[in-house]
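> what's the 3D shape of this:
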Amino acid sequence: MKKILATIVASAILGFGANAQVLDKEQMKNTAWVGVGAPLGGDAMAYGFTDTFQTRFDRGKFTVEAMLNWSFLANYDNEYNVDNFQFGTSNNNPLSIKYGNWGVNSVSNAAKAIDGEYNNHANVKNTLQDSYYVNFLYHITKNVDFGVGTKLNWKVGPAPAYGSWLWENDAHIRQGGFSTSYDDRSGVFAQTSTEAVGNYRYYVHAAGNRPGTADVVGFVPFANKYAKRALGVRFIADGEMLEIGAALPNGFNTDDPVLNSGIKFNPAKWLSLAAAIEGALDDGSNFYTGATIGFDKFILDLYYAADSLFTNAKNDQAYGTGAAITFVIPNTKVTLRPEIGVNFFEDDNYTAAWYTGGSLSFDINKDIGFNLWSSIAFGSKDKRWDDHSATDDWDGGHIFDVRPEITFNYTSHTSFAAYFDYEHRTAFDGKGRKCWSTGLFWTYIF
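You can find the predicted model right below:
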């Protein structure tokens, strides 16, 4: 057990190394998936096929990495049946595909007369992925990196996560699956091309984020990645005791400058402290701080976010806090990681949202492993619903998800994973929907 914990501590405190990017080392990797399921509001159907190819090359002082996703996915007709299959690059992945078209809005007409934007469908825009990324790094010295790319992935400290990249086999829902219109893939200041890339600003009152405009809301972003689609510079001290970095996000301009920055300090082998700000010098900034503490028998992650700071608008700030603990059950090789999070809002009409969940994993033998993710989430309610007969029985809604998975390491280069993911979502107005998916992943490392 001590050996397992030591490995977990080293990974949590030190990360994957000074030059870690999306891929933690030089390699070529391909991840393929095929699946079936029943999306929200639909019958069982074939979802199709996705394939994601990644590569990273380290040559002298340079690192280049890239990814391209291509797919052969189902198109749905108005009756939610499969109309055809379409080939091409895609922002979808096994997690986002299970939601289909998010379900049909069935809020009553009496309620819509109060607010025409009431909508009880799921808004899961934050489960979309990049269809590609390209990053270039120049290691000026062994301690200083210069990078430019569409997904640099420079991050400090722990935060709520999917458990893996969305195209990989062990990815699961984040923050209990809260609906949100917030797309945090790229964190740009402004778009400079026709590509749809997410802005770092979080709008609490936007449709899809505020209560009543999606089935179960309460998502709050954690800005621990200070360089995504950006140009950045970072210093990493020997032994990774200290990391300091700054980045210009995509869309920076001299009339309205903006800056992202992050710092991580590891004063001891058992302690890591981190802080970051996204959008400094601009209103709508997001602040993050977190810590990882490695005790003898468990590891504790703590994190806090404060978003939409320094804006002129009133009641638009959002806050999130949470913790996760990782430990090995005594006298076993079973690893548990429960987590809990609470998100709350400056607008006192909105109640707090919260979720809890966790993962369990163990090896059945040297080649076969099992892992399980499950969570439950309770969304934010607008207290003003109590003032109208058409909405006085509404609450924030809730979500339950469970995802067991079996992995098989066939060779040192090839692995397979089979999973089943079931999710039940009860919207703020009591409308219940469920979706499920099952499929097979094949990962090959060249």
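
> Specify the beta-bridge partners of Ser415.
Per DSSP bridges, the residues bridged to Ser415 are Asn409, Thr443.

> got it, and the one 10 residues further on?
With DSSP bridges applied, Arg425 shows beta-bridge pairing to Ile399, Arg433.

> now Ile293
Leu271, Leu300.

> Just give me the neighbour total for it.
Residues lying near Ile293 (other CB atoms under 10 Å) number 18. The way it works is simple: take the backbone N, C-alpha and C, and place the C-beta from them, glycine included.

> where are the low-confidence patches of the protein?
1-20, 77-81 (pLDDT under 70).

> Which residue ranges of it form helices?
2-14, 94-97, 109-112 (DSSP state H).

> List of residues touching the second one?
Going back to what we said before, that points to helix 94-97. 33, 35, 37, 39, 47-48, 50, 73, 124, 127-129, 162, 166-167, 171-173, 421, 437, 439, 441 (CB atoms under 8 Å, 6 or more residues apart in numbering).

> Pull out the buried positions in that helix.
By neighbour count on 16 or more other CB atoms under 10 Å, the buried set for helix 94-97 is Pro94, Leu95, Ser96, Ile97.

> ditto for the last one
Buried residues in helix 109-112, defined by neighbour count with 16+ other CB under 10 Å: Ala111.

> For it, what is the distance to the chain centroid?
Centroid separation for helix 109-112 versus its chain: 33 Å, with CA atoms, centre = their mean, to the nearest Å.

> Tell me the one of the buried residues of helix 94-97 nearest Lys297?
Taking CB to CB as the measure, Lys297 lies nearest Leu95 of the buried residues of helix 94-97, at 32.3 Å.

> what's the neighbour count on Thr356?
Other residues close to Thr356 by other CB under 10 Å number 16.

> Quick check: bridge partners of the nearest residue to it once chain neighbours are set aside?
Using CB to CB, 6 or more residues apart in numbering and skipping the chain neighbours, the partner closest in space to Thr356 is Ile340 (4.5 Å). Bridge pairing for Ile340 (DSSP bridges) gives the partners Ala323, Thr356.

> check contacts around Ile340.
By CB under 8 Å, 6+ apart, the neighbours of Ile340 are Gly322, Ala323, Ala324, Trp354, Tyr355, Thr356.

> again, but for Gly251
Per CB under 8 Å, 6+ apart, neighbours of Gly251: Val188, Phe189, Ala190, Gln191, Thr192, Val258.

> what about it, distance to Ala46?
To Ala46, Gly251 is 39 Å away according to CB to CB, to the nearest Å.

> What is the burial count for Thr414?
Using other CB under 10 Å, the number of residues around Thr414 comes to 12.

> wouldn't it be in contact with Phe446 here?
No - Thr414 lies out of contact with Phe446 (CB atoms under 8 Å); the separation is 10.5 Å.

> contacting residues for the nearest residue to Gly157 once chain neighbours are set aside?
Closest residue in space to Gly157, ignoring its immediate chain neighbours: Ala274 at 2.9 Å, by CB to CB, 6+ apart. Listed by CB under 8 Å, 6+ apart, the contact set of Ala274 reads Val156, Gly157, Pro158, Asn224, Gly262, Ile263, Lys264, Phe265, Tyr288, Thr289, Gly290, Ala291.

> Test my guess that the fourth one contacts Gly262.
It refers to Asn224. Yes - using CB under 8 Å, Asn224 is in contact with Gly262, at 7.4 Å.
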